[in-house]
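Asks: Sequence first, then the predicted structure:
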Amino acid sequence: MAEAGPATPSIEVGDLLSRADAGEPLLLLDVRNDEEFDAWRFEGRRLIETLHIPYFDFIEDAPGCVDRLPRNREIVVLCAQGGSSAMVVDTLREAGVGARNVAGGMVAYGEYLQPVRVPVDAAEAVSWEIWQVNRRGKGCLSYVVRSGREAIVVDPSRDVQWYEGFVRRLGARIVQVLDTHVHADHLSGGPALAIRSGAPYFVKAGEGFELRQPVEPLADGQELRLGGEAGVTVQVRIMATPGHTPGSSSYLVGRRHLLTGDTLFVKSVGRPDLGGHVVEWGRALFRTLRERLAKLPEDTVVLPAHYAGPDEIGPDAVVAAPLAVLRRTVPELQIADEEVFVAAMRAALKPPPAAYAEIIRANLGLVEVEGDKATEWELGKNQCAARTMPAVS
Amino acid sequence: METRQLDVRGTKCPVPIFRAKKEIDGMQAGDVLEVLATDPGSVSDFQGWAKTSKLAVLREQRTEKDPTGREVYVHVLERRG
């Protein structure tokens, strides 16, 4: 068994995802332990052929493991942080098997951000654009809305420098940072991004929560005007959409692009059970879906804060759907009776995501967290959807 | 019977198991190796490795705190006959 050297050939997560999404016939060798492999996988938009042999099996019996691998294919090796996979790559190359290491492993996968431009009408595209920033490893979606030289960032992940660089490359500056709610699955970059860019920050926690972040309140129905130059503007309307959390807000960009946060996804609705009040929050969610969102036109495009699997990513690489389609296909939207809805939410109760209580406390500003601890809390995919039953196709 | 200690605090995978395997290879049947690690991933890694290892048996795993308050994962292994 070789110790990994600095010359180990590697591939970046972004390159690997592009190649996998394009349908290249990759062979991924995942060398994490069984528990980690079962809990969280590397996923492309198409199925990636994957072999699982833990790295300690290579330490125990390298020749036996090498014999299990094909000789005529380039193998891409993945582990938790990139160290064990580098060792396996060196072992494979010494044995004459072509292999490359996924730099940074699942940690890098969980942090990688992929910006995708959301298609809008030609008339709208003249004055503004929306970018959906896909955190592929976690299924988290954040947004950058730009008009003229001004940008709003919604639900940013904690890699705030990435958003700063991205907005700068769009030729704009950040004038407002928004969170749709106090997230339970990932650490918000909102407060830090707002401070660094000198922009106001808004999130609504709702009753019963102590919010210590420096927030500049926005009211239900209030409109932000983005752009500032003659003829180059877009309105962003604040909509209170309680349910997933009591303070959940949605943001309507222009006439029909609705950033729904965790209120409504493209295959499900947000789980209302993460505060221990599934009945009360479930009722609020029902009313939000049946009353508030019911008033919006059919061609409203829902842009959510999460997705559960690659099947929710569209052919244009965007996770989005018109309300008309969701009204027909999302099972929870078919329920017309509040009691039946609440019962379905109670029946769908599942364990909360790991470290969710700590993440909520950090996002409220009650504790500070950084470095390895932050990485550890954020491991794994989001589990924000209620998923009461399979989607109607 | 001998008890050895292996301090791999501050290292990440694959180092804890890589070095534990080297130690175990040089030990006698019945000897005990206590591995001190700080990588939380080492807990399930040692369980997984012990399942396939021909020479190491995992006797115990416990969590302690070192003087700096850092969590230390102690893996107690025994060399098989």
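Replies: In hand now; what should we look at? Numbering: from 1, shown residues only, chains lettered A, B, ... in the order given.

Asks: For stretch A:124-142, buried residues please.
Replies: In terms of neighbour count (16 or more other C-beta atoms under 10 Å in any protein chain shown), stretch A:124-142 has its buried residues at A:124, A:127-142. C-beta here means a position set from N, CA and C on the backbone, and glycine is covered the same way.

Asks: do stretch B:54-67 as well
Replies: By neighbour count, and taking 16+ other C-beta under 10 Å as the criterion, the buried residues in stretch B:54-67 are B:56, B:58, B:61.

Asks: what's the answer for stretch A:266-281, then?
Replies: By neighbour count, with 16+ other C-beta under 10 Å as the criterion, the buried positions of stretch A:266-281 are A:266, A:267, A:268, A:269, A:270, A:271, A:272, A:273, A:274, A:275, A:278, A:281.

Asks: quick one on the thing from earlier: can you list the buried residues of stretch B:54-67 in TSV and add pLDDT and secondary structure?
Replies: As requested, the buried residues of stretch B:54-67 are exported to TSV (pLDDT from 0 to 100; DSSP: H, G, I helix; E, B strand; the rest coil):
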residue	pLDDT	secondary structure
B:56	96	strand
B:58	97	strand
B:61	97	strand
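
Asks: want to throw those residues into JSON lines with distance to residue A:40?
Replies: JSON lines is the format used below for the buried residues of stretch B:54-67 (distance: C-beta to C-beta, whole Å):
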{"residue": "B:56", "distance to residue A:40": "27"}
{"residue": "B:58", "distance to residue A:40": "24"}
{"residue": "B:61", "distance to residue A:40": "22"}
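
Asks: any idea which of those is closest to chain A?
Replies: Using C-beta to the nearest C-beta, residue B:56 is the member of the buried residues of stretch B:54-67 that sits closest to chain A, with 9.0 Å.

Asks: and that closest one, what does it touch?
Replies: The contact partners of residue B:56, by C-beta atoms under 8 Å, 6 or more residues apart in numbering or on different chains, come to B:20, B:21, B:24, B:33, B:49, B:50, B:77, B:78, B:79, B:80.

Asks: what's the lowest-pLDDT member of those?
Replies: For these, the minimum pLDDT belongs to residue B:80; the value there is 92.

Asks: hang on, isn't it packed against residue B:58?
Replies: No - if you go by C-beta atoms under 8 Å, residue B:80 and residue B:58 don't touch, sitting 11.2 Å apart.

Asks: Report the beta-bridge partners for the spatially most central residue of chain B.
Replies: With distances taken as C-alpha atoms, centre = their mean, residue B:35 lies nearest the centre of chain B, 3.4 Å away. Taking DSSP bridges as the rule, residue B:35 bridges to residue B:6, residue B:75.

Asks: need the residues of chain B near chain A, please.
Replies: Counting by C-beta under 8 Å from any C-beta of the partner chain, the positions of chain B adjacent to chain A are B:12-15, B:17-18, B:21, B:40-41, B:44-45, B:47-49, B:52-54.

Asks: Can you flag which of those residues belong to helices?
Replies: Using DSSP state H, B:15, B:17, B:18, B:21, B:44, B:45, B:47, B:48, B:49, B:52 are the members of these that sit in helices.

Asks: how close does the fourth one get to residue B:81?
Replies: Going from residue B:21 to residue B:81 by C-beta to C-beta, to the nearest Å gives 17 Å.

Asks: Between these two, which is the more surrounded one?
Replies: Neighbours of residue B:21 and residue B:81, each counted by other C-beta atoms under 10 Å in any protein chain shown, are more numerous for residue B:21; the result is 19 against 7.

Asks: On the pLDDT front, check residue A:237 for me.
Replies: Model confidence at residue A:237, expressed as pLDDT, equals 97.

Asks: did I read that right, it in a strand?
Replies: Yes - checked against DSSP: H, G, I helix; E, B strand; the rest coil, residue A:237 lies within a strand.

Asks: Identify the residue spatially nearest to it, adjacent ones excluded.
Replies: Counting by C-beta to C-beta, 6 or more residues apart in numbering or on different chains, residue A:252 is the residue found nearest to residue A:237 once chain neighbours are left out, at 4.3 Å.

Asks: surely that neighbour meets residue A:258?
Replies: Yes - contact status for residue A:252 versus residue A:258: in contact at 5.2 Å, counting by C-beta under 8 Å.

Asks: Which residue of these two possesses the greater neighbour count?
Replies: Neighbours per residue (other C-beta under 10 Å) separate residue A:252 from residue A:258, with residue A:258 holding more: 24 against 18.

Asks: Please tell me how far the more buried one sits from residue A:296.
Replies: 7 Å.

Asks: Touching both of the two, which residues are there?
Replies: A:252, A:323.

Asks: Which of the buried residues of stretch A:124-142 fall in helices?
Replies: With DSSP H as the criterion, helices contain residue A:124 from among the buried residues of stretch A:124-142.

Asks: Return stretch A:50-63 as CSV; C-alpha atoms alone will do.
Replies: Backbone C-alpha positions of stretch A:50-63 (Å, rounded to 0.1, in the frame of the first residue of the first chain) are rendered in CSV as follows:
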residue,chain,number,x,y,z
THR,A,50,-20.1,3.2,-9.1
LEU,A,51,-18.1,0.6,-7.3
HIS,A,52,-17.7,0.6,-3.5
ILE,A,53,-14.6,-0.8,-1.9
PRO,A,54,-13.6,0.9,1.4
TYR,A,55,-10.0,2.2,1.5
PHE,A,56,-9.2,0.1,4.5
ASP,A,57,-9.8,-3.0,2.4
PHE,A,58,-6.9,-1.7,0.2
ILE,A,59,-4.8,-1.3,3.3
GLU,A,60,-5.6,-4.8,4.3
ASP,A,61,-5.3,-6.5,0.9
ALA,A,62,-4.2,-4.2,-1.9
PRO,A,63,-3.7,-6.9,-4.6
